[in-house]
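[1] pasted the sequence and its predicted model underneath.
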Amino acid sequence: MASFDEWRRRLARAMEQRGDWPARSPWVRQAVDAVARDRFAPERVWWWDGHSYIPVDRAADPDRWAVEVYGDPDAAAVTQVTDGLPSSSLSCEAVVVDMLDSLLLEPGHRVLELGTGTGRNAALLGWRAGAGRVTSVEVDPELADRARGRLREAGVDVRVEVADGRDVPPGAVPYDRVMATFAVDEVPWSWVARTRPGGRIVTPWGRLGHVALTVAGDGRSATGWMQGLAQFMPARGTGHGRGSFQQVRAAAAGAAGGERPVRRRLEPLRDDVHLRFALRVALPDVQISTAADGDGLNAWLHDGSSWAALSAVGGGDTVAYQGGPRRLADELDGAWDRWLGDGSPALYDYGMTVEPHRQYVWCADPVTGPRWPVR
């Protein structure tokens, strides 16, 4: 069995070979080296066997446990499962590093972290900002208590509070930096209100990208560019049920008539993250899933009341079925066509502006570029 030191070195080398360590923030690698992942992982983690999440105990299977904690720069270690779904994790190292780089954190900054989880990200923030400079908020009291213990054992001075990070109460002293470790579909205005003018907010958005917002000098808005991929869990109570896609499949299987041919290959819908992000922006309330079978690649779409199934029928052909108030397959085609017509912009070409009563995503330019309302 390899030691945890060796597992850490393997993960660091893998990230170095991929160019994941940020040149503008050399402190990030130093912090990661000082704050080991295994010190913040619980004795039991979970792995997906293709059907369900299976517990892996450190004492019973240390190699399997280490694989879950350290095995892949792009894999999160699931640390809590609730009702069969992951509800907390040790975030994948590549995204942790990328978001810390995006935060532009300096020693002495006052930092608010939203979503303590295991406490590991709070420890990294505390390593950089300094003792007593980081406050972390966790909605789950048990997770908060465990994180406090791990932070104490690691010798990191971070304050952990129990509260819902989506609604930060007002305070007398603004923060220099705010970081969320859960995905939101709308950036709460309270986050902007608690950040000083010129301060920075980094959060996963839309469950696919993460954005870095800078608060305007007058404090009345925050704007900034998408920074990269960030497939984080959503805030508690905002998830979409697994049954929705099962219902779509059942509806498609029973559909009779009304089908039409699909005129394009579906592989980009599965493989092109920039297309997927553009569709998330254009169709914010539509969930999209893909899976292959013996006939080819299939896709399912739903918004809670309308559905569409793009079903492979063999020979390279695909047929669309759709039902409900909206024609989701047609809307997908329209949004896809617009993205192609705009020159297939990358995720990094998009940004976001947040104001007290509205927020929107824009492309290319916050003033003159096309925009899509978030709310």
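    Perfect, thanks for sending it.

[2] going by C-alpha atoms from here, please, whenever you check contacts or count neighbours.
    Noted.

[3] now the strands for the stretch 1-150 of the chain?
    For the stretch 1-150 of the chain, the strands defined by DSSP state E, counting those that start in this stretch cover 44-48, 53-57, 77-82, 85-90, 111-114, 134-138.

[4] got the contact list for the nearest residue to V273 once chain neighbours are set aside?
    With Cα to Cα, 6 or more residues apart in numbering as the criterion, V273 has its nearest non-adjacent residue at 7.7 Å, and that residue is L347. Shown in contact with L347 (Cα atoms under 8 Å, 6 or more residues apart in numbering): 209, 226, 228, 273-274, 277-278.

[5] which of those sits closest to D74?
    G228 (12.8 Å; Cα to Cα).

[6] hang on, the closest one packs against Y348?
    Yes - using Cα atoms under 8 Å, G228 makes contact with Y348 at a distance of 6.7 Å.

[7] can you show me the strands along the stretch 201-350 of the chain?
    Counting by DSSP E, counting those that start in this stretch, the strands of the stretch 201-350 of the chain are 209-215, 222-229, 260-261, 287-293, 296-302, 307-314, 317-323, 350-354.

[8] from the ones you listed, which stretch is densest packed?
    For the strands of the stretch 201-350 of the chain, average neighbour numbers computed from mean count of other Cα atoms under 10 Å are highest in strand 209-215, which has a mean of 26.

[9] name all residues that make contact with G217.
    Counting by Cα under 8 Å, 6+ apart, G217 touches 197-198.

[10] now A131: phi and psi?
    phi -60, psi 130 (degrees, to the nearest 10).

[11] for it, give its distance to R159.
    10 Å (Cα to Cα, to the nearest Å).

[12] which residues pair with S289 across the strands?
    Assessed by DSSP bridges, S289 has beta-bridge partners W300.

[13] for this structure, give me the ranges with low pLDDT.
    For the chain, applying pLDDT under 70 flags the ranges 1-2, 231-258.

[14] once you drop chain neighbours, what's closest to G119?
    Leaving aside its chain neighbours, G119 sits nearest to A147 (4.7 Å; criterion: Cα to Cα, 6+ apart).

[15] okay, now the one you found: neighbour count?
    By other Cα atoms under 10 Å, 26 other residues sit near A147.

[16] if I pick it, what's in contact with it?
    Applying Cα under 8 Å, 6+ apart to A147 gives the contacts 40, 116-119, 160.

[17] can you rerun that using 10 Å?
    A147 is in contact with 40-42, 116-120, 122-123, 136, 138, 141, 153, 158, 160, counting by Cα atoms under 10 Å, 6 or more residues apart in numbering.

[18] just those: which are in helices?
    120, 122-123, 141, 153 (DSSP state H).

[19] domain ranges for the chain?
    4-229, 243-341 (automatic domain parsing).

[20] helices of this protein, start to end?
    Using DSSP H, the helices assigned to the chain run over residues 4-18, 27-34, 62-70, 93-103, 120-129, 141-154, 189-193, 243-253, 267-271, 273-282, 328-341.

[21] hey, which of those helices is tucked in deepest?
    Stretch with highest mean neighbour count among the helices of the chain: helix 120-129 (a mean of 25; mean count of other Cα under 10 Å).

[22] many thanks, we can stop here.
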